[in-house]
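1. Have a look at this prediction, sequence included:
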Amino acid sequence: MKIEDIERRLSVLRVQRSRIDYAIETLELQLQVESNAKKRKFESNEAQNALIGGSYVLQKVKCGKPTCHCAKPGGELHGPYWHLYTKKDGKTTCKYIGKNKPK
Ligand SMILES: [Zn+2]
């Protein structure tokens, strides 16, 4: 292989490499933008939750009495009762509602 041939091949490969690098950078940037958009969408769902005052969840609970059947491993829990989950300042709080979901 002649030196000129090697140099020509090298320059072709270098151009290809820079194109690949550019394509990778573009895709990485796109990925970043897309994942940020996804995150924003998730945050707006959270904001919507806050707007309606949180999300209501039906859950079985332990009453907290150490002598109760619910304290035993695998024991029957109480309820299910409604709980209101709200997010404030990045912290999720749970409020006990009761047997009936508020209208
Ligand atoms: Zn109990």
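-> Everything's here; your move. Residues are numbered from 1 along each chain as shown.

2. ok, now which ones touch the residue lying closest to V57 once chain neighbours are set aside?
-> Once flanking residues are discounted, V57 sits nearest to H83: 5.1 Å by C-beta to C-beta, 6 or more residues apart in numbering. In short, each C-beta sits where N, CA and C put it, glycine included. For H83, the contacting residues are Y56, V57, L58, Q59, C94, K95, Y96, I97, by C-beta atoms under 8 Å, 6 or more residues apart in numbering.

3. who's in contact with the fourth one?
-> Meaning Q59. Going by C-beta under 8 Å, 6+ apart, the list of residues near Q59 reads G79, P80, Y81, W82, H83.

4. Secondary structure element holding it?
-> Here Q59, judged by DSSP states H and E, is contained in strand 55-61.

5. tell me the angle the helix or strand following that strand makes with strand 55-61.
-> Using DSSP H and E, the helix or strand that follows strand 55-61 towards the C-terminus is strand 78-88. Calculated by axes from the mean of the first three to the mean of the last three C-alpha atoms, to 10 degrees, strand 78-88 forms an angle of 140 degrees with strand 55-61.
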